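K.L.:
all I have is the shape, not the residue letters:
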């Protein structure tokens, strides 16, 4: 009698908007997972011809499923297609500049099996080993999930590189594309609906930011722009002005949050700590600009493009995106 293939517990969505070389390390990190047999790898791209897959793609990534969109889309749009096409109960949206440790997804799957959580988020370590600005940016953006040993329920986990219950995400269609561009508000909406989020530090991700001051500032400003538009882009002017007046306080809060992460993880020298105030101000400046940006396409394109083009901002000679265990 024919045997049916077990349904995977987790679908990893890899948005491949550029060529194979750009996303190869991330795909190989998924193949190296100790829980690979329980994972569906879904590669979403616009065209196989433009993707330039190697002739031995099937041998390198056995069982990987490829979805062609047939047209060029923005990153958050491609990710929404991946969520729609996932066959597992949970979907993990993977960035091409963030690599899961070998037992990362096994730790996440163990929490999925508990049946309690709608989102399971990992812990993080900085992939940048030399750049002061890259390490400081990691502390600002992912420091909330760095240097912890204890797993716990959280109000927020990482928006990217986390596992989401597919049915929870699909409730937001047809607006899921926009929600995936800045997932922090999406988590808030899930909590308001009574759903629960869990932080699992045993699931470790290595994340890379830009290596130069210019590249990091560009990334943070544009991320802030998209975030600000999502939060306030359609709000009344009085509410927007009030949010803008809180900008300096928000920058100070993020700086202190990054400083706590620096102290907790000892990530880099004192120079990394001293870089936090400037980067916090840049991030919040972008967010304030986003508050007053009424052009949704511009704001979402800005954050999508800066996320997509992260690899050229990383010094591939000094701190390349590579699996630490190879």
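P.N.:
On my side now, so go ahead. Keep in mind that what you see is a predicted model, and the values were worked out from it rather than measured.
K.L.:
from residue 67, how far off is residue 42?
P.N.:
Distance, residue 42 to residue 67, by C-beta to C-beta, to the nearest Å: 7 Å. C-beta coordinates here come from the backbone N, C-alpha and C atoms, glycine included.
K.L.:
then residue 242?
P.N.:
Taking C-beta to C-beta, one finds residue 242 at 43 Å from residue 67.
K.L.:
quick one, which of these two is more surrounded?
P.N.:
Between residue 242 and residue 67, residue 67 has the larger neighbour count (other C-beta atoms under 10 Å), namely 16 against 13.
K.L.:
tell me the pLDDT at the more buried one?
P.N.:
If you check residue 67, the pLDDT there is 96.
K.L.:
that one pairs with what?
P.N.:
Listed by DSSP bridges, the beta-bridge partners for residue 67 are residue 44.
K.L.:
which strand or helix spans residue 14?
P.N.:
strand 10-16 (DSSP states H and E).
K.L.:
shared neighbours of residue 42 and residue 67, which are they?
P.N.:
82, 85 (C-beta atoms under 8 Å, 6 or more residues apart in numbering).
K.L.:
show me the chain divided up by domain.
P.N.:
10-207, 213-313 (automatic domain parsing).
K.L.:
wait, which of those domains is closest to residue 324?
P.N.:
Shortest separation from residue 324 across the domains of the chain is recorded for domain 10-207, at 6.5 Å, computed as C-beta to C-beta.
K.L.:
would you map the strands across this protein?
P.N.:
10-16, 39-45, 65-68, 90-94, 98-100, 119-126, 152-154, 163-165, 197-207 (DSSP state E).
K.L.:
tell me the helices and strands packed up against the second one.
P.N.:
In other words, strand 39-45. strand 10-16, helix 20-31, strand 65-68, helix 75-85 (3 or more C-beta pairs under 8 Å, 6 or more residues apart in numbering; DSSP states H and E).
K.L.:
now do the second one against strand 197-207, angle only.
P.N.:
Yep, that's helix 20-31 we're talking about. 130 degrees (axes from the mean of the first three to the mean of the last three C-alpha atoms, to 10 degrees).
K.L.:
for helix 20-31, what is the average pLDDT?
P.N.:
Averaging pLDDT along helix 20-31 yields 96.
K.L.:
buried sites along it?
P.N.:
Buried residues in helix 20-31, defined by neighbour count with 16 or more other C-beta atoms under 10 Å: 20, 22, 23, 24, 25, 26, 27, 29, 30.
K.L.:
can you put those residues in CSV and add distance to residue 272?
P.N.:
What follows is the buried residues of helix 20-31, written out as CSV (distance: C-beta to C-beta, whole Å):
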residue, distance to residue 272
20, 33
22, 27
23, 28
24, 29
25, 24
26, 25
27, 30
29, 25
30, 30
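K.L.:
where do the helices sit along the stretch 101-250 of the chain?
P.N.:
104-112, 132-142, 166-170, 176-181, 183-192, 213-232, 237-245, 247-265 (DSSP state H, counting those that start in this stretch).
K.L.:
most tightly surrounded among these?
P.N.:
helix 132-142 (a mean of 26; mean count of other C-beta atoms under 10 Å).
K.L.:
quick check: longest helix of the protein.
P.N.:
When the chain is parsed with DSSP state H, its longest helix is helix 270-291.
K.L.:
just want the angle from that helix to strand 119-126.
P.N.:
Angle of helix 270-291 versus strand 119-126, following the same axes, to 10 degrees, is 140 degrees.
K.L.:
and the contacts of helix 270-291?
P.N.:
So helix 270-291 is contacted by 132-133, 135-137, 139-140, 216-217, 220-233, 235, 240, 243-244, 247-248, 250-252, 254-255, 258-259, 262, 299 (C-beta under 8 Å, 6+ apart).
K.L.:
doesn't residue 215 make contact with residue 315?
P.N.:
No - applying C-beta atoms under 8 Å as the test, residue 315 and residue 215 come out as separate, 9.4 Å apart.
K.L.:
quick one on the thing from earlier: please state the offset of the longest helix of the chain from the chain centre?
P.N.:
Averaged C-alpha coordinates place helix 270-291 at 19 Å from its chain's average position (C-alpha atoms, centre = their mean, to the nearest Å).
K.L.:
got the angle between that helix and helix 247-265?
P.N.:
Using the same axes, to 10 degrees: helix 270-291 against helix 247-265 is 150 degrees.
K.L.:
of all the helices and strands packed on strand 39-45, which one comes closest to residue 323?
P.N.:
With C-beta to C-beta as the yardstick, what comes closest out of the helices and strands packed on strand 39-45 is helix 20-31 (5.4 Å).
K.L.:
so where's the stretch 51-200 of the chain shaky on pLDDT?
P.N.:
For the stretch 51-200 of the chain, no stretch is flagged by pLDDT under 70.
K.L.:
repeat the analysis, applying 90 as the threshold.
P.N.:
70-72, 159-160, 171-186 (pLDDT under 90).
K.L.:
what sits against residue 84?
P.N.:
So residue 84 contacts 170, 173 (C-beta under 8 Å, 6+ apart).
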